[in-house]
Each structure stands twice: as C-alpha cells, then as structure tokens.
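Colleague: the sequence isn't on hand, but the structure is:
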C-alpha cells in the first residue's frame, strides 16, 4: 500500500539528520537510507527501494545523492527532491568550505583517532545494511550466487570500470536465471513528471555536456570552472571515491590547486558526513582569484551534482514502468543481486581494510553493531561510541 504523500519540510528535516550523521561514504549512505526509509519510516517497500538503487547504480554520478534525491521526489514531488538534496548535501559542503578557509589539516594523535573512529562507524553501518540487503534482495541461491560472483570480480579486478561491468552482467544473469521472480508492483512510482519531461531533462544533460567545453574554451573563468566540475560529475560511474581522479585532472593539472592542497581536502572529506562529491565545495573555495571563495564553492557544488540529478530525474519515468514487464523484473532482480555484490566487495575494501587494523578495532565495531542492531539505537550513538572509544584508546596508548 502506497504511503500518504509527505511534505517538503518533512523531507528536509529527515535528510538533514542524515546529512549530519551519515559517515562512511556512498556505500554506507545506502545502508543509512534503507534503515531510515524502508525499515523505520516505511516511505517505500524493499522492492521499490531496490529498483531505485539499481537505477542509481546504472547511471553516472553520485549514486547515494541520486538515490536521496529520488526518494525525496517520490515522497513530496520536485520540492521534496530538492529538499532532500539540499539537506543531505549542505552539512558536509559547509564543513568543507569552512576547512578551506582555515586550511590547517586535522593532525595529531587526537585528530587521527577521531577520523579512525569514523571509519569504524562505516564498518558497523555497512555490515548492518549489507546483511539486510542480502536477506531482502538475495533470498535464493541464484541471486546469492550472482552477488558472490560480483564480489569476486570486483576484488580480483580492482578497476573502477568493473563496477559498471558487474551491474551489466548482473542484468544479463537475471534475464537468464531469475525468471521465476515475482513481478513488481504495477503501480510504478508516484512521480510528478511524465516520460516526455524525462526526455527533456536527459536532453538538457547531453546539451550541457557538449556545449560547456566550447564555452570554457571561449570564455574561460567561471565557464571553465563549471565545465570542469560538470564533466567530473557526468563521467564518473560509482560516485564516491571514484570521482577523485577526475577532480584531480580538473583542478590540479591546470594548476588551479596544488597537489598538497588537493590531498588536504581529500583528507578532510573523510572526516565529514554526507556525499564525497561535496569535496567540490573545498576545491571551489580554494580556486585562485575572484572565482574562489564562497562563489567558487557554490558553483563547484552545483556543477558537480547537476548532471547526476538531471540524469536520474530524466530516467525515473521510464524506470518506473519496468516492473510491469517480466523480462525487466528478471533483469532488475539480477541487478539488485549484483549491487549487493558491489556492497560486499566495498565492505571488505576499502571499508574493512582501511578501518580494522588491530583486535581492538574489531571490539569497537562489534559493540557499535550491537548498539545498532540489538539495542536499535540511532546511528548517532554509534558515531559517538566509535569516536569516543578510538580517542580513549589513543589517550591510553
């Protein structure tokens, strides 16, 4: 049964809470979203959440931000989508802009311990989300096998492009082996726009991708900045950390920002909640001349997120009708299983490998997992526990 439509303010408040507590990068964000909107609030069921997740994995751009925007659109229309995006993005963008204005990096034992605690938060949240998604999206041996194959391919390859390949192979495997999956809801998604409007949005995306480089060559200045960040957001699959090489090419290679400044911003981005793409706020603020500061930060953030939001908004009407077709149902089932494989691989590397370095890390993560799963406490308590435990360990060392 479809939940009653919400209001933009409700969406904004809910996503603002996530914006200040969602540590751990895009993989962790998906787990946060599922817990908040499927398990706790019931804004949509597992099937529709899986369909949205599959779409956002297919498209280039910041997958977790596209997923959040889509959830806002489904809940409260266009205003809800914009409210979700603004609330989820604003906290980390402001924090990184503030860091850009002072620039001293987070250093010393206490700072390093706090960052390590945040990494342990990601271990807890991703583990919880992964287990839930295995139960819901991989209920049979066939789909679990597709997920396991996805884990193996990602870990053995290590290349960024393998993620898109795994999703495509998952769709093919679903068509071949998931023919008995029950069809999805025939109602589709409650969207504020029709397929024709979606086609216009995709056309705007493509037009900007072609015209912005021409404008940058002719005009330079702000046009060049918009082009650089728009291309980074439009051409990256997987989002999150995968965008870093493109951003480095966009701002370091032209000499706008030094490599040391770039790496300092990347380090700061690890310590804040919200989407990794808000690193653009730091980079835009550090740009030289009149193009930097608050103006540069705002332009960079809008430019890097815009292509992904245009694409997902344009694709939603078509994607909404797919569950009515048996072949599409099978393909989506395979894609969802492949996405679980991507999450499983990401849980191991980089989430587990970068956070769990000693037995005490395992102990801290286990306690956090119990707080989240057994005691059903807010993720904020998990953040407080993991950071406090890591700081205490550093003080006693």
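Modeller: Right, received. Where do you want to start? This is a predicted model, so every value here is computed, not measured.
Colleague: skipping its backbone neighbours, what lies nearest the residue nearest to the spatial centre of the chain in space?
Modeller: The centroid of the chain falls nearest to residue 64 when counting by Cα atoms, centre = their mean (2.5 Å). Excluding the flanking residues, the one nearest residue 64 by Cβ to Cβ, 6 or more residues apart in numbering is residue 29, at 3.6 Å. In short, each C-beta sits where N, CA and C put it, glycine included.
Colleague: who's in contact with that neighbour?
Modeller: 18, 22, 64, 67, 68, 275 (Cβ atoms under 8 Å, 6 or more residues apart in numbering).
Colleague: tally of neighbours for the spatially closest residue to residue 74 that is not a sequence neighbour?
Modeller: Distance criterion Cβ to Cβ, 6+ apart; nearest residue to residue 74, sequence neighbours excluded, is residue 189 at 5.6 Å. Neighbour count for residue 189, taken as other Cβ atoms under 10 Å: 19.
Colleague: hmm, residue 320 and residue 189 touching each other?
Modeller: Yes - between residue 189 and residue 320 there is a contact under Cβ atoms under 8 Å: 4.1 Å.
Colleague: for the strand or helix carrying residue 268, packing partners?
Modeller: Residue 268 belongs to helix 259-270 when assigned by DSSP states H and E. When contacts are defined as 3 or more Cβ pairs under 8 Å, 6 or more residues apart in numbering; DSSP states H and E, helix 259-270 sits against helix 63-102, helix 108-137, helix 244-251, helix 279-285.
Colleague: now do the SS call for residue 287.
Modeller: Secondary structure assignment for residue 287 (DSSP: H, G, I helix; E, B strand; the rest coil): coil.
Colleague: model confidence score at residue 204, please.
Modeller: Note for residue 204: predicted pLDDT of 97.
Colleague: picking up where we left off before, buried deepest among the helices and strands packed on helix 259-270, which one?
Modeller: Neighbour counts (mean count of other Cβ atoms under 10 Å) averaged over each of these peak at helix 279-285, with a mean of 30.
Colleague: contacts for it, please.
Modeller: Residues contacting helix 279-285 (Cβ under 8 Å, 6+ apart): 92-94, 96-97, 99-101, 225, 229, 232, 243-244, 247, 251, 257, 262, 265-266, 268-269, 292-301, 303-304.
Colleague: surely residue 166 meets residue 342?
Modeller: Yes - the criterion here is Cβ under 8 Å, and residue 166 meets it with residue 342 at 6.1 Å.
Colleague: report the set of residues contacting both of those two.
Modeller: 150, 154.
Colleague: how many neighbouring residues does the closest residue to residue 250 other than its chain neighbours have?
Modeller: Taking Cβ to Cβ, 6+ apart as the measure, residue 250 lies nearest to residue 228, with 3.9 Å between them; neighbours along the chain are not counted. Neighbours of residue 228 under the rule other Cβ under 10 Å: 27.
Colleague: okay, buried residues for stretch 257-264 please.
Modeller: Buried residues in stretch 257-264, defined by neighbour count with 16 or more other Cβ atoms under 10 Å: 257, 261, 262, 264.
Colleague: can you check stretch 212-228 too?
Modeller: 212, 213, 216, 222, 223, 224, 225, 226, 227, 228.
Colleague: any idea of the angle the lowest-mean-pLDDT helix or strand in the chain forms with helix 63-102?
Modeller: When each helix and strand of the chain is scored by mean pLDDT, DSSP states H and E, helix 259-270 comes last, with a mean of 75. Counting by axes from the mean of the first three to the mean of the last three Cα atoms, to 10 degrees, helix 259-270 lies at 120 degrees to helix 63-102.
Colleague: tell me, how many residues neighbour residue 48?
Modeller: 23.
Colleague: ok, and it, which helix or strand is that part of?
Modeller: Using DSSP H and E, residue 48 falls in helix 46-58.
Colleague: so how far is that helix from its chain's centroid?
Modeller: 13 Å (Cα atoms, centre = their mean, to the nearest Å).
Colleague: let me see the mean pLDDT of that helix.
Modeller: The model assigns helix 46-58 a mean pLDDT of 84.
Colleague: can you offset everything so residue one is 330?
Modeller: Right, with 330 as the first residue, what we last looked at is helix 375-387.
Colleague: which strands and helices lie in contact with it?
Modeller: With contacts taken as 3+ Cβ pairs under 8 Å, 6+ apart, helix 375-387 sits against helix 392-431, helix 437-466, helix 491-506, helix 622-650, helix 655-675.
Colleague: can you give me the angle it makes with helix 392-431?
Modeller: 60 degrees.
Colleague: could you pull out the buried residues of helix 375-387?
Modeller: So helix 375-387, judged by 16+ other Cβ under 10 Å, has buried residues 375-387.
Colleague: just stretch 635-653 next, same as before
Modeller: In stretch 635-653, counting by 16+ other Cβ under 10 Å, buried: 635-646, 648-649, 651-652.
Colleague: re the thing from before, nearest to residue 477, out of the helices and strands packed on helix 375-387?
Modeller: Across the helices and strands packed on helix 375-387, the minimum distance to residue 477, taken as Cβ to Cβ, is reached by helix 655-675, at 6.8 Å.
Colleague: now do the buried residues in the closest one.
Modeller: Here helix 655-675 shows 657-675 as buried, counting by 16+ other Cβ under 10 Å.
Colleague: so it versus helix 437-466, what angle?
Modeller: The directions of helix 655-675 and helix 437-466 differ by 150 degrees, with the same axes, to 10 degrees as the criterion.
Colleague: fine by me, we can end here.
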